[in-house]
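Novice: Structure, please.
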Amino acid sequence: MAALRLTHEAGRGFVVADLPLRMPQASGVVDPEPFRVAAVGGPPLRESMAAVGGLRTLDAGAEAGTVALFDLPGPLLTFVVSGEVVLALADGTELRLGAGALFLADAAADRPPATRVGGHCRLVQIRVDADWPGPRARPVPAAGETSASAAGREPLLRRMTTAPDGLSYYHDFADLFGAPGGWSAVRPALGLKFIAMAADTFVDWHPEVTNNLVLVMSGGLELEVSGSGEVQVFRAGDVCLAEDRIGIGHIDRVESAVQVAVLVIADEHCWPR
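Specialist: Here you go, the predicted model:
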């Protein structure tokens with residue numbers, strides 16, 4: 001996984017530094033009861049989320065080319081779902097970022113009007129506050145399975161919903177991206193959080209408490225739904241919209257240590273089914 005901060009130098013290119021994050025880690029057997037209780041109106045989970053100014057998505061198409069990556073004002077946090085983003089650096093070299101990479105472009109008066117992409121690049125971009133990630137952010141531990149493992153494969157895009165039988169099922173989530181070639185409209189989001197899970201993490205049957213758009217940065221996150229019993233393993237660049245907020249829910253297992261970004265989406269701003 002790459003989590004990077006990019007500062008643009010006018011007329012030269014980007015200077016790269018590691019991006020610290022606030023990323024609490026789960027490990028071992030996690031009690032599912034707080035999730036079950038919160039989902040039916042009990043005490044909410046104690047979680048810390050950063051405020052965000054919404055998100056947008058881009059399917060750049062199958063052909064290599066350029067896209068307007070920094071056409072919105074302010075700091076922009078970009079997650080690579082698939083393909084490759086190629087950035088010109090101030091030292092004259094290039095930086096290539098693949099599936100699962102996350103990079104923050106600081107606000108600057110002069111940012112490149114177009115950026116090279118290739119390999120059927122798909123992106124999720126988030127507008128963050130000027131002071132994000134804040135003073136409590138810490139260096140991100142090195143990940144195991146990263147974007148190199150995802151090179152050349154199609155991303156897994158799924159959503160989990162609850163059916164009338166009270167059980168959870170998977171559905172395709174191609175609607176995350178619009179028609180190839182342009183950015184979607186900015187969609188409101190309630191907040192952004194990051195979670196790490198050690199390889200021994202296990203959460204028994206539980207529903208989600210909020211609509212969580214999970215972007216996998218590294219590792220292998222295994223989710224089993226209660227309805228069909230289907231198991232999917234989400235890896236770097238994969239996305240799961242977990243919105244099974246009532247009923248039995250799903251099981252979380254970790255195939256290899258996981259790092260994820262999670263955007264919380266209100267019901268009224270979720271993608272239509």
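
Novice: Give me the secondary structure label for Glu268.
Specialist: helix (DSSP: H, G, I helix; E, B strand; the rest coil).

Novice: how close does it get to Ala143?
Specialist: Taking CB to CB, to the nearest Å as the criterion, Glu268 is separated from Ala143 by 34 Å. Heads up, the C-betas are built off the backbone N, CA and C, glycines and all.

Novice: So which of the two has more stuff around it?
Specialist: Ala143 (20 against 6; other CB atoms under 10 Å).

Novice: OK, contacts around that one?
Specialist: 1, 217-219, 257, 259 (CB atoms under 8 Å, 6 or more residues apart in numbering).

Novice: Going through those residues, which ones are buried?
Specialist: The neighbour count (16 or more other CB atoms under 10 Å) marks 1, 217-219, 257, 259 as buried among the contacts of Ala143.

Novice: check which helix or strand covers Val233.
Specialist: strand 231-234 (DSSP states H and E).

Novice: counting contacts, what elements does that strand pack onto?
Specialist: strand 211-225 (3 or more CB pairs under 8 Å, 6 or more residues apart in numbering; DSSP states H and E).

Novice: What distance do you get for Asp172 to Val140?
Specialist: 31 Å.

Novice: show me where pLDDT drops low in the stretch 151-273 of the chain?
Specialist: 151-152 (pLDDT under 70).

Novice: Okay, strands next: where are they in it?
Specialist: Per DSSP state E, counting those that start in this stretch, the stretch 151-273 of the chain carries strands over the ranges 157-162, 168-172, 191-197, 202-206, 211-225, 231-234, 239-242, 250-265.

Novice: got it, and the stretch 1-150 of the chain?
Specialist: 3-9, 13-18, 25-26, 29-30, 52-59, 65-67, 76-88, 94-97, 102-105, 115-128.

Novice: Figure out which of the ones you listed is closest to Arg253.
Specialist: Proximity to Arg253 (CB to CB) singles out strand 29-30 among the strands of the stretch 1-150 of the chain, at 10.9 Å.

Novice: Direction included, what does that closest one pair up with?
Specialist: strand 202-206 (parallel) (DSSP bridges).

Novice: residue contacts, the closest residue in space to Gly182 that isn't next to it in sequence?
Specialist: Leaving aside its chain neighbours, Gly182 sits nearest to Leu58 (7.3 Å; criterion: CB to CB, 6 or more residues apart in numbering). By CB under 8 Å, 6+ apart, the contact set of Leu58 is 67, 121-123, 125, 177, 182-184.

Novice: Bridged to Leu58, which residues?
Specialist: Beta-bridge partners, per DSSP bridges, of Leu58: Leu123, Trp183.

Novice: and the residue nearest the centre of the chain, what does it touch?
Specialist: Centrality entry for the chain: nearest residue to the mean C-alpha point is Leu215, 2.5 Å, by CA atoms, centre = their mean. When contacts are counted by CB under 8 Å, 6+ apart, Leu215 touches 79, 81, 124, 239, 260-263.

Novice: That's all I had, so thanks and see you.
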